[in-house]
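> Any chance you can model this:
(2 chains)
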Amino acid sequence: MRTFLLSRVLQLVVTFWVIVTVLFFLFRLGLPDPTLALISEGLSPEDRQRVIQRFGLDLPVWQQYFVYLGNLARGELGVSFYYKAPVGVVVFERLANTLVLMLPAILLSYTAGPLLGVLLVWKRGSGAETGGITLGLILRSAPVFWTGMLAIFVFGVTYGWLPTSGMRTLPYEAANWFDKVLTLDFLRHLLLPMLVIAAYYLALPMLIMRNTMLEVIGDDFIEFCEARGFSQRRTMYRHAARNALLPVVTQAAVTTGLAVGGQVVVEVVFSWPGLGREMFHAVRTSDYPVAQATFVFLAAMVLAMNFIVDLVYSKLDPRVTHEAAKG
Amino acid sequence: MAALARNLWTIIRRDRMATVGLAILVGMVLIATFAPLIATHDPNAINERVEGVAVHHDGQTWRDVERIGDAPLNSVALRDDGMGVAVGFEGEAALRTGGGWTDADVGVNVTLRGVDTADGLTVAVGDGGVALHLVDEEWRATDTGTDADLNAVAVAATDHALAVGDAGVVLRWDGSAWSSLDAGVERALHAVTLVDESFGVVTGDRGTLLLYDGDGFEAVEGLGFRELFGVDALDRDTILAVGERGTILRLAGDEWQEMRAPESRDLRDVRLLGPDAALTVGTHGVVMRMDGQEWEREDTGYGQTLRALAAADGEVVAVGTDPFVDRLGEPSRDHLFGTTHLGRDIFSQTIWGSRTALMVGLLAALMVVVIGTNVGLIAGYFKGKTGSFLMRFVDVMYALPFEPFALVLVLIFRPSLAIIILAIGLLTWRTTARIIRSQVLSLSERPFVKAARVAGASDWRILYVHIAPNVLPLAFLQLAVAMAFAITAEATLSFLGLGPPQIYSWGTILHEARLSGAWRTAWWWIIPPGLFIMVTVVAVFFIARALEVLTNPRLAARG
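The predicted structure is shown next:
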């Protein structure tokens, strides 16, 4: 067990390093001169030279790379070219904004989805099943930015029930982030984007649940349950569902890992000041420190969640041996 | 391979959802293939619409342009009591009684070219010899005995009106019926005016000008060869005629003279406001006023063609056409899905967009499956260092979230379809690789592989001849899944404005809609492209669901 853990952690570190390296060179070599953004603000050539020196942009690329790695190891993410503020501050606020949107959405879809999935199996062969599957596939096929636009059009513009943009009605005053979020106004802003994302995510756990349930209900223990005279509801939800939950849990973890980046398009459509929108903005404005930090952050989250999935998997399903997981 | 194809076909045919999916997909492919034929407009063309307008002069100044019809207006008449009538193309007619202009239904769909009103007689004439009388707010057709196009009409009294038309046709209304008069010319006649029942003037093609004395016509010779489109007379000695390229002819005393005009545009109509005062209108919004001997240009703030002019009681009305960009038009017969804020046809854009979606979807999916299957095959078969290295590589790929990375790739190398395809292809083969690998892991332990090895087959031969055919069904399933993903991914990137600007895709249409801000009201702009994305992706999912049976037969037995 310990060697397994150790080798996985080592793998994790190596993978992370590879990603960080790829990111660094991708950004440094691919995107235009970052000081261009500063010139547009009317910077003289001398000032520009000074900026280049201060940010270390005059060093050879490989030297910049090591400086970057060193800073990263110390948790220093640099200063945003655009906001002229420490990247950490910028990124963490955006991250909080994203999570407060994504986590409820994921929670909702991964609660409702599996329950509906079990229902589909229970009602298998009926029109309800076909209808449910079709609806699920439709929800999964509709591009999320489009459903977002439709939701805004219907509930925001036509009926005017809910606000459609941002996290709070402007102008507002908030002493800190929690002050901003713990209000009714915020909840009203949250509702539309959250439901749009939840609807999009709903289908996957539902269909996964259905597929694994179909396998599980062929097992002997279900017949025993039936033989013991358990009600169908009890057999389905307490015995079969429990055994079919594993792939759904896996998917939930993977989705959560990816959710850190937010749904870029949803954040754009709803003008939600989250990490995804910030990343898009940072890349477009060549704000390397912010763009790189968000990417590193994203990659780290995905890796961490995958790692946790692996561990949880081996705990939950005794059939998965560490040897197999390693291979 | 043939057996697999047959197998796939059987599976799809047996599954109702998959059959529907395949039908939709084939339909989409047909739409994409025949896009140039199906699209009703050039997706980039800025579409214009033409409407009828009136420009009023209230005695002091020209007032704002008023839109009074759906088609260009050809003629207008006013009475001293303020009643007005205007007619135009496609049976367009508008009436003014007291307040503003209201649309009138004339009951026929022919182009009306002339209208006049006096003493309770209101007559409109038009193409095909049509003559309509307004009686008790109802238009009634009267028999003219001709099918020549009638260009103008003038009313002197309830029982005296003249209508002129092509090929020298002249008709007279005597209070109960039309009768034909011989004008002595074969040329097209454009305009007519009646001072009273015993005097009138008719003008037409190539300098034709006829004087009417109540019974017959006398031609005035030597007036040049220009077309004369409009004429007006106060009495026998005061006549003005206007026509092609700024032509203005005036009878002063007993001598005809050509007047100098500051504009050389075509002049369509003229009205005498007094012995020495007149107005004329023409193409490109030209309006000129005569004061004494001189003509001067007037600015009405209107730049389109004015076709006719009427004056009564100090008020002047000019009517004409107004072609304007059809911005944010709702769905109509001409524009099935309406138009954008630039007047572009959304239906045609959507149809052309299907090409982009299917091309990107298919090419990217093929790339995903080819890379993923090969990596999976090799990693599954060569379990040692090679396999381990490849799977670590796949792990790295898994840590790259798709959307952000595709975004960076597209921004680094200018937006183009090739880059979008590459971004999708290079970033998403990881799942296919993992799935194929696990299949290969179990396949390579099977007896037939051991048999092949004993028989002396090389590793590559075993891998590609013996194992690969067995993962093909799985690869097909992955192809469908990847295609659904690729179509959505392309739409997403284009929606973010990362698509090539010259090529229409469903995502680009939605991007433009969002950028314009007009989508908040123009529902017809956002629904079609999204619906097309959804329907196409659902179709692919339907097929993919049926293909799952190939790899997991248990689903078939119970599902």
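
> distance of the residue of the stretch 51-200 of chain B at minimum distance from chain A from B:Glu138?
Using CB to the nearest CB, the closest approach of the stretch 51-200 of chain B to chain A is made by B:Arg67 at 27.1 Å. Using the backbone N, CA and C atoms, a C-beta is placed for each residue, glycine as well. Distance of B:Arg67 to B:Glu138, computed by CB to CB, to the nearest Å: 25 Å.

> what do you get for B:Ala318?
27 Å.

> Residue 189: how many residues sit nearby?
No chain specified, so I'll use chain A. 24 (other CB atoms under 10 Å in any protein chain shown).

> Let me rephrase: I mean chain B.
27.

> what's the answer for B:Arg6, then?
10.

> Equivalent analysis for A:Ile19, please.
21.

> With B:Leu78 instead?
Neighbours of B:Leu78 (other CB under 10 Å): 22.

> chain center to stretch B:71-80: distance?
Remark: stretch B:71-80 is offset 28 Å from the chain centroid, using CA atoms, centre = their mean, to the nearest Å.

> B:Val410 is in contact with B:Ala423, isn't it?
Yes: in this structure, B:Val410 is within contact of B:Ala423 by CB atoms under 8 Å, at 6.0 Å.

> anything in contact with each of those two?
B:Leu493 (CB atoms under 8 Å, 6 or more residues apart in numbering or on different chains).

> Which secondary structure state does residue 131 sit in?
Using chain A here. helix (DSSP: H, G, I helix; E, B strand; the rest coil).

> if you could check chain B rather than the one you did, that'd help
Classified using three-state DSSP, B:Ala131 is strand.

> about what we covered before: between B:Ala318 and B:Glu138, which has more neighbouring residues?
B:Ala318 (30 against 12).

> Any idea what B:Ala154 is bridged to?
Note on B:Ala154: beta-bridge partners by DSSP bridges are B:Leu162.

> got the contact list for it?
B:Asp116, B:Ala161, B:Leu162, B:Ala163, B:Val192, B:Thr193, B:Leu194, B:Gly200.

> Not counting sequence-adjacent ones, nearest residue to the second one?
Leaving aside its sequence neighbours, B:Ala161 sits nearest to B:Trp173 (CB to CB, 6 or more residues apart in numbering or on different chains; 3.9 Å).

> Phi first, then psi, for that neighbour.
Reported as degrees, to the nearest 10, the phi and psi values for B:Trp173 are phi -100, psi 130.

> and residue 171, helix, strand or coil?
Reading this off chain A. coil.

> right idea, wrong chain: chain B
Under three-state DSSP, B:Leu171 comes out as strand.

> Pull up the per-residue confidence for it.
What the model reports for B:Leu171 is a pLDDT of 85.

> do the one 3 residues further on as well
You'll see B:Asp174 listed with a pLDDT of 83.

> Against B:Gly216, how distant is it?
Taking CB to CB, one finds B:Asp174 at 15 Å from B:Gly216.

> which secondary structure elements does the helix or strand where A:Arg242 lies contact?
Element membership for A:Arg242 (DSSP states H and E) is helix A:241-244. Judged by 3 or more CB pairs under 8 Å, 6 or more residues apart in numbering or on different chains; DSSP states H and E, the packing partners of helix A:241-244 are helix A:87-122, helix A:184-216.

> Just the buried positions in the longest one, please.
So that's helix A:87-122. A:87-88, A:90-102, A:104-106, A:108-110, A:112-114, A:116-122 (16 or more other CB atoms under 10 Å in any protein chain shown).

> Get me the contact residues on the stretch 51-200 of chain A for chain B.
By the criterion of CB under 8 Å from any CB of the partner chain, the positions of the stretch 51-200 of chain A lying close to chain B are A:124, A:130, A:133-134, A:137-138, A:140-143, A:145-147, A:149-150, A:152-153, A:157.

> So how do I select the buried members of these in PyMOL?
To isolate the buried ones among those in PyMOL, judged by 16+ other CB under 10 Å, type:
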select buried, chain A and resi 124+133+137+140+141+142+143+145+146+147+149+150+152+153
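
> In helices, which of the residues of the stretch 51-200 of chain A next to chain B appear?
Mapping those onto helices (DSSP state H) picks out A:Thr130, A:Ile133, A:Thr134, A:Leu137, A:Ile138, A:Arg140, A:Ser141, A:Phe145, A:Trp146, A:Thr147, A:Met149, A:Leu150.

> possible to save those residues as a markdown table with pLDDT?
A markdown table is the format used below for those (pLDDT from 0 to 100):
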| residue | pLDDT |
| --- | --- |
| A:Thr130 | 85 |
| A:Ile133 | 88 |
| A:Thr134 | 88 |
| A:Leu137 | 89 |
| A:Ile138 | 91 |
| A:Arg140 | 89 |
| A:Ser141 | 91 |
| A:Phe145 | 92 |
| A:Trp146 | 93 |
| A:Thr147 | 93 |
| A:Met149 | 92 |
| A:Leu150 | 92 |
